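> Need the 3D shape of this:
(3 chains)
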Amino acid sequence: MSVYQDAKYAVSDAACAALTPVTPDSFGQFCPRFIDGFFVTVELLVLSCALGLVIAISVAFARLSSNMFLNKAAFVYSYVFRGTPLLVQLWIMYFGLGSLGAENLGFLWPLFKEGWTIGLIVLTLNTGAYVSEILRGGLVNIPKGQMEAAVATGMSWFQSMFHIMLPQAFKIAWPAYGNEVVLLMKGSALVSTITVLDLMGQTRTVFSRSYNLEVYAYSAVLYLILAGMITLLFKFGENRMKTG
Amino acid sequence: MFELLSFGDTGWGDDLLKGVVITVQLALCSVALGFSLGLLLAITKLSSFKILRWTAEAYTLFVRGVPEFLILLLVFFGSEQLINSSLAAMGFEATVAVPKFAAAVAGLSLIFAAYSCEVFRGAYLSVPVGQMEAAEAVGMTKMQGFLHIRMPQLWRFAIPGLGNLWMVMLKDTSLAAVIALDELLRVAKVAGEATTNPLLFFITAGLIYLAMTALSDILRDKAEKSAQKGMASS
Amino acid sequence: MKLKISALATAVAVTISGMAYAQDLRIATEAAYPPFNEKNAAGEIVGFDVDIANALCAEMKRTCVIVAQDWDGIIPALVNNKYDAIVASMSITEERQKSIDFTSPYYSNYIALVAKNDSGFTMDDVTSKSIGAQRSTVASEWAEENAGSRGDVKLYDTQSAAYSDLESGRIDALVSDYLPAVDWLKANQGFGIVGDKIDINDKIGIGLRKGEDDLKAAFDKALAAIRENGTYLAISEKYFGVDIF
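So this is what the prediction gives:
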């Protein structure tokens, strides 16, 4: 962890050494903070996207399964997480459950101790709910015959879902999924309210010392760069799918 | 434990209810202003002036790529500074304090203008071109065609998208808690701190938000159904 | 047009308040910073700041009205003439002096590190362990400067959130204003102040609109008088047991 941390800081310092001469003073002065924060935002985004996708696929399958319990549980999970504000979810976990303390939470405490882990858990569960709904939308739009044909060739329900249905659902859902990842990135800024020094957390800290509104503009530019990168990545994926 | 949620001097029930009222007011005001701005933005985007079009495009791009939270804080801290420095530039010595509610409405509606603009544009383009040609053929001017043929149908196409945005708005009002506006979430936070039982109050707030979005969900379905009346199913 | 009217109204209001000197003096406080200013169970605004304000008013032979105002709007509302003075434990800073004037200081603020008694936390641990503070406070500036670059400093939007994380053990120590920390320690066993209070040369003054020199002189004179006649000491000892000037 610490090797990784050091590497991150080294990259951030190097980036700032390169950026400081070409950026305004009010940015250069706090540059390592912005870049450190940028990395934390990217970390949270990548991890919650990956973990959220696993949850989303399982939940989307559960929503389509004939097992009533699985079906209902998946529905309730997705409905609750989509029906409440992300900020409330973060605060329930950090200030609410976290207030129970180490004695009551026992072996779960390490998960609740740091704002970062709570941020990751909540972002994962939140995006899992939205993406499961997007995938479900894709899955129900695939003609039923395909599933029946797959099962007829001897595939199990799970195999046909995974190999036949899911890839097509992704194709249908791809643009919506790309939008959701950008929304997740924007939502991740809320982890700054639970002590995480992501890009937004660093921005607010720098602002509270300088009261200079430019600080928010710099941060906005960094977020826009990230949004642009995500959009390009999804465009690239879309082209690959079309040719593939 | 649950007596904390009762109404009156000892419980926080009435405070939470006041918070709900502010949340709903905030959402309604922001939706009204945001959708009007969004419609304006959509018209701008469809205009033939390049500069106008590009400005509108750049604006939506900005809002879609920058966290709502950042925009809200920027408006909250920036609006007062902007107004007062422009007042000073015009030679007035007075300073203006922007109320938190107004700042929150401004921030949220600026965000929702960008999103609703896309919904309106999508709806506009959903009206078949043939209908407009037909309108011209029967002697309507472009403006008449727009007002009598396109606009009435625009709403039908826009309702599902706008319904979605309303629910997003309802949830996004919670961000105002961070600028200490006494809406539902902020009341829950204060109550949680005062009673040292934050879990109870945050979960209660969560359930209230859930009830509000669920209700909106039902109303949206109804609105969608009535908007589809008399329309050829696709 | 509206703007013109409101500017005019402000000008008129300023003149009126300037003319009618014997009017009630309106004093704002935050009412959320115990034991300096807070609302008691009956909803009255009480605390050290309130007692000092009342003592000063008695000395100046003026009737005072105390009003509560949220911290982040407390300066704009003063400038907009919603009240005439802020007695709310406000630090005299250069930044604030750009928009308002201050009387001479009425007490000195110190900060302190609070940690669990059995944690063995010392001043040297500031650079290696996690410390918390409220964002945009002098305490958070101290924490950031002393934890070193990329030190583990957790920043909170409210002081009470920082305290509850100290209790739950999420942070090893907390930097806060000294006297409120002492007040908090009374109700929370098992925690204590690390080392001694820290002097950051933070002076607390009464905020006034710019250019109200007569009022400033009156406050300064009254402050000197209550220092002289023991009223100040009595109030200070009532809350803190010592003279905090």
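> Would you tell me what the next helix or strand after the top helix by length along chain A is?
With DSSP state H setting the assignment, residue counts place helix A:31-64 as the longest helix in chain A. Tracing the chain past helix A:31-64, the next element assigned as helix or strand by DSSP states H and E is helix A:68-83.
> now that following helix: how far from the chain's centre is it?
Taking CA atoms, centre = their mean, to the nearest Å, one finds the center of helix A:68-83 at 19 Å from the center of the full chain.
> residue boundaries of the strands in chain C?
C:25-29, C:32-33, C:37-39, C:45-46, C:64-68, C:85-91, C:100-102, C:107-116, C:131-134, C:153-156, C:173-177, C:191-209 (DSSP state E).
> The residue lying closest to residue B:5 once chain neighbours are set aside - how many residues pack around it?
Nearest in space to residue B:5, with sequence neighbours left out and distances taken as CB to CB, 6 or more residues apart in numbering or on different chains, is residue B:13 at 5.1 Å. (Each C-beta comes from the backbone N, C-alpha and C, glycine too.) Counted with other CB atoms under 10 Å in any protein chain shown, the neighbours of residue B:13 add up to 17.
> what's residue B:111 in contact with, if anything?
With contacts defined as CB atoms under 8 Å, 6 or more residues apart in numbering or on different chains, the neighbours of residue B:111 are B:34, B:63, B:68, B:71-72, B:172.
> quick one: which of the residues you listed is nearest to residue A:175?
Out of the contacts of residue B:111, the one with the shortest distance to residue A:175 is residue B:63. That distance is 18.5 Å, counting by CB to CB.
> For the worst-scoring helix or strand of chain B on mean pLDDT, give me every contacting residue.
Among the secondary structure pieces of chain B, namely its helices and strands, helix B:142-145 has the lowest mean (mean pLDDT, DSSP states H and E), a mean of 84. Outside of helix B:142-145, the residues within contact range by CB under 8 Å, 6+ apart are B:132, B:135-136.
> quick one: contacts for the nearest residue to residue B:7 once chain neighbours are set aside?
Beyond its immediate neighbours in the sequence, the residue positioned closest to residue B:7 (CB to CB, 6+ apart) is residue B:13, lying 4.2 Å away. Counting by CB under 8 Å, 6+ apart, residue B:13 touches B:5-7.
> isn't residue B:19 right up against residue B:189?
No - Residue B:19 sits out of contact with residue B:189 when judged by CB atoms under 8 Å, with a separation of 10.0 Å.
> For residue A:19, grab the count of nearby residues.
15.
> Name the spans of chain C whose pLDDT lies under the cut-off.
C:1-22, C:72 (pLDDT under 70).
> which residues of it fall in helices?
According to DSSP H, chain C carries its helices in the segments C:2-19, C:48-60, C:74-79, C:94-97, C:138-146, C:159-168, C:178-187, C:213-228, C:231-240.
> now these in TSV, with mean neighbour count and distance to residue A:75?
TSV is the format used below for the helices of chain C (neighbours: other CB atoms under 10 Å in any protein chain shown; distance: least, CB to CB, whole Å):
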stretch	mean neighbour count	distance to residue A:75
helix C:2-19	13	52
helix C:48-60	21	54
helix C:74-79	19	48
helix C:94-97	11	53
helix C:138-146	20	44
helix C:159-168	22	34
helix C:178-187	17	46
helix C:213-228	16	65
helix C:231-240	16	57
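> Mind checking these for the one nearest to residue B:23?
helix C:159-168 (21.4 Å).
> how about the residues of chain B near chain A?
Chain B has residues B:61-62, B:64-70, B:73-74, B:77-78, B:81, B:171-172, B:174-175, B:177-178, B:185, B:189, B:192, B:196, B:198-199, B:202-203, B:205-206, B:209-210, B:213-214, B:217 near chain A, with proximity defined as CB under 8 Å from any CB of the partner chain.
> Go back to these and keep what's next to chain C.
Filtering those for proximity to chain C (criterion: CB under 8 Å from any CB) leaves B:178, B:196, B:198.
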